[in-house]
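Participant: With the sequence up front, the predicted model follows.
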Amino acid sequence: MKKFLTSLLLFACCAIVAQAQMPAAVQRNLPSILEELNNNKMPQDFSYWYALVDVDGDNVNEFCVASYDKNYIGTFKISDGHATRIRTIPQGNVDWKPIFYIYKTEGRNANLDVTLKHRPLFLNKIQIAKNRFTTENKTWMTEGVDVGKMKRTYDRIIFKPHIGNAKFVSEKSTGSNGLFTFALTNAAMTKKMFRGYSDYQATPFIVPRAWLKDHHLLNYTRWLNGEKEEPASSDAQDIIRHFYGERKIIASKWLATCPTNERDFYMVLFAPENNVGQMSMVCLAEGEVVSALNRWYKLSEDNKLTEDAEDYSKELFFHAPQIMAMVATPESLELYVRWNSLEGMHYSIWREIDSQWIMIQDDYEYLQAW
């Protein structure tokens, strides 16, 4: 697996958001829906799939959520801004999709959300020594960001717990793309904000100052690209193993630690069961697992390859998130991350909703095919 990708600075084309938005009742009630469905269940049975489908024949879609193996399915009727659970479950050929991607797949009601209404923009081309930080419009322009407003009001660059006053510097058109470059108003701030980080290790983001009203940056330590990988301690592995019903751990990796809220983040790879593998990002607090992002893999008969022809081994940690900021909000804890897919880089915001993580914003940079 190639670990170092050459950036072409070309976001994958996204269709203009003309699709129906996610029902507002689903967006508002998702935390309570997940809490109801995940309560007292093993993490292997946490909500994984969702579908918007008419299960009762009234020509109005219900919101359905299922565990990975479909052994647990919950259906919620959406009416008058509320989501009420009903007994009927979908039958037959249902278009199930991973709930992790629901905001990206169904669209989003940004005005309803404490974070999305500010539309953070990741700065994916940075030159720390030159104090230049660039974002591009290939994906986010289709989501309603006004360029004039962005130039006037996006004036705070964020990285880890650091906040730097920023100013718009320049705009450059490259075909259908626009590159927008910002700089810290105090160039010396680069040495404090990015101390110990090279250009390729850091992806800050820029927001309007109003974002700061409801967002509190947390200080934390994290694994950096190029550093030696550290496995979870034996105590942490015991906690994780117990949480997952004594499932065998075959590899682990420390991601980050936040002393303020006593959080520790790890990637964990479990031994396959019945030709199904599982990799999880787990979050520990005060000696227990409090949340997880689970991903399952259908494997070859010898359990060596995934459906995407990747080795089922520690190499899958290639997709682990690199945390650029850890943020407390009135909604929940958020992680601002970049992570590798097979052909590019994602710049995303993940939110802890009940006991799992949901991606609420995602921009994609195509790098190269394998």
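Facilitator: Done, it's in.
Participant: Show me what Cys258 bridges to in the sheet.
Facilitator: Beta-bridge pairing for Cys258 (DSSP bridges): Arg263.
Participant: can you give me how far stretch 33-46 is from the chain middle?
Facilitator: Taking the mean of its C-alpha atoms, stretch 33-46 sits 20 Å from the chain's own mean (C-alpha atoms, centre = their mean, to the nearest Å).
Participant: Count the neighbours of the residue lying closest to Gly277 once chain neighbours are set aside for me.
Facilitator: The spatially closest residue to Gly277, leaving aside those adjacent along the chain, is Tyr297, at 4.1 Å (C-beta to C-beta, 6 or more residues apart in numbering). Every residue, glycine included, has its C-beta placed from N, CA and C. Around Tyr297 there are 19 other residues, counting by other C-beta atoms under 10 Å.
Participant: so Tyr297 makes contact with Asn275?
Facilitator: No. The pair Tyr297 / Asn275 is not scored as a contact, 9.4 Å apart, by C-beta atoms under 8 Å.
Participant: Helices of this structure, start to end?
Facilitator: 24-38, 102-106, 147-153, 189-193, 234-243 (DSSP state H).
Participant: Mind checking the pLDDT average for the second one?
Facilitator: Here the mean pLDDT over helix 102-106 is 93, rounded to a whole number.
Participant: same check, this time on the first one
Facilitator: Summarised as a single mean, pLDDT over helix 24-38 is 94.
Participant: Can you pull out the residues in contact with it?
Facilitator: If you take C-beta atoms under 8 Å, 6 or more residues apart in numbering as the criterion, helix 24-38 is touched by 45-47, 63, 65, 72, 74, 76, 78-79, 81-83, 85, 102, 108-109, 112-113, 332, 353-356, 358.
Participant: Identify each buried residue in that helix, please.
Facilitator: Applying a neighbour-count criterion of 16 or more other C-beta atoms under 10 Å, the buried positions in helix 24-38 are 25-31, 33-34, 36-38.
Participant: Work out the gap between it and the centre of the chain.
Facilitator: That offset, for helix 24-38, works out to 18 Å (C-alpha atoms, centre = their mean).
Participant: Let's see that helix as PDB, backbone CA atoms only.
Facilitator: Listed in PDB are the C-alpha atoms of helix 24-38, where the atom choice follows Å, rounded to 0.1, in the frame of the first residue of the first chain:
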ATOM      1  CA  ALA A  24     -35.000  17.800   9.800                       C
ATOM      2  CA  ALA A  25     -36.600  15.500  12.300                       C
ATOM      3  CA  VAL A  26     -34.000  12.900  11.600                       C
ATOM      4  CA  GLN A  27     -31.100  15.400  12.100                       C
ATOM      5  CA  ARG A  28     -32.600  16.800  15.300                       C
ATOM      6  CA  ASN A  29     -33.500  13.400  16.800                       C
ATOM      7  CA  LEU A  30     -30.500  11.400  15.600                       C
ATOM      8  CA  PRO A  31     -28.800  11.400  19.100                       C
ATOM      9  CA  SER A  32     -31.900  10.100  20.800                       C
ATOM     10  CA  ILE A  33     -32.600   7.600  18.000                       C
ATOM     11  CA  LEU A  34     -29.100   6.100  18.400                       C
ATOM     12  CA  GLU A  35     -29.300   6.200  22.200                       C
ATOM     13  CA  GLU A  36     -32.500   4.200  22.000                       C
ATOM     14  CA  LEU A  37     -31.200   1.600  19.500                       C
ATOM     15  CA  ASN A  38     -27.700   1.200  21.000                       C
END
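Participant: What strands flank the lengthiest strand in the chain, and is each parallel or antiparallel?
Facilitator: The residue-count maximum for a strand in the chain (DSSP state E) belongs to strand 162-174. Partner strands and pairing direction for strand 162-174 (DSSP bridges) are strand 154-159 (antiparallel), strand 177-184 (antiparallel).
Participant: Contacts for the first one, please.
Facilitator: Read that as strand 154-159. Applying C-beta under 8 Å, 6+ apart, the set of residues contacting strand 154-159 is 120-121, 123, 133, 163-168, 182, 184, 193-194, 202, 204-209, 211-212, 217, 324-325, 336.
Participant: And for the longest one?
Facilitator: Applying C-beta under 8 Å, 6+ apart, the external contacts of strand 177-184 come out as 9-11, 123, 125, 131-138, 141, 147, 150-151, 154, 157, 164-173, 190, 193, 206.
Participant: Show the pLDDT at Cys14.
Facilitator: Reported pLDDT for Cys14: 34.
Participant: ugh, wrong one, Thr203
Facilitator: Model confidence at Thr203, given as pLDDT, is 97.
Participant: Tell me, how many residues neighbour it?
Facilitator: 22.
Participant: Tell me if I'm right that Met345 and Asp363 touch.
Facilitator: No. Met345 sits out of contact with Asp363 when judged by C-beta under 8 Å, with a separation of 9.1 Å.
Participant: who's in contact with Ile206?
Facilitator: Counting by C-beta under 8 Å, 6+ apart, Ile206 touches 120-121, 123, 133, 135, 154-158, 166, 182.
Participant: Turn those residues into TSV, including neighbour count.
Facilitator: What follows is those, written out as TSV (neighbours: other C-beta atoms under 10 Å):
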residue	neighbour count
Pro120	25
Leu121	22
Leu123	24
Phe133	28
Thr135	25
Tyr154	25
Asp155	17
Arg156	20
Ile157	25
Ile158	24
Ala166	24
Phe182	27
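Participant: Show me which of these is closest to Lys314.
Facilitator: Within these, the smallest distance to Lys314 is 30.3 Å, found for Leu123 (C-beta to C-beta).
Participant: Bridge partners for the closest residue to the closest one other than its chain neighbours, pull those for me.
Facilitator: The spatial neighbour of Leu123 that comes closest, neighbours along the chain excluded (C-beta to C-beta, 6+ apart), is Phe133 at 4.1 Å. Each beta-bridge partner of Phe133 is listed here: Ile126, Phe182, as defined by DSSP bridges.
Participant: How many neighbouring residues does the nearest residue to Gly245 once chain neighbours are set aside have?
Facilitator: Nearest residue to Gly245, sequence neighbours excluded (C-beta to C-beta, 6+ apart): Met42, at 5.5 Å. Met42 has 12 neighbouring residues, counting by other C-beta under 10 Å.
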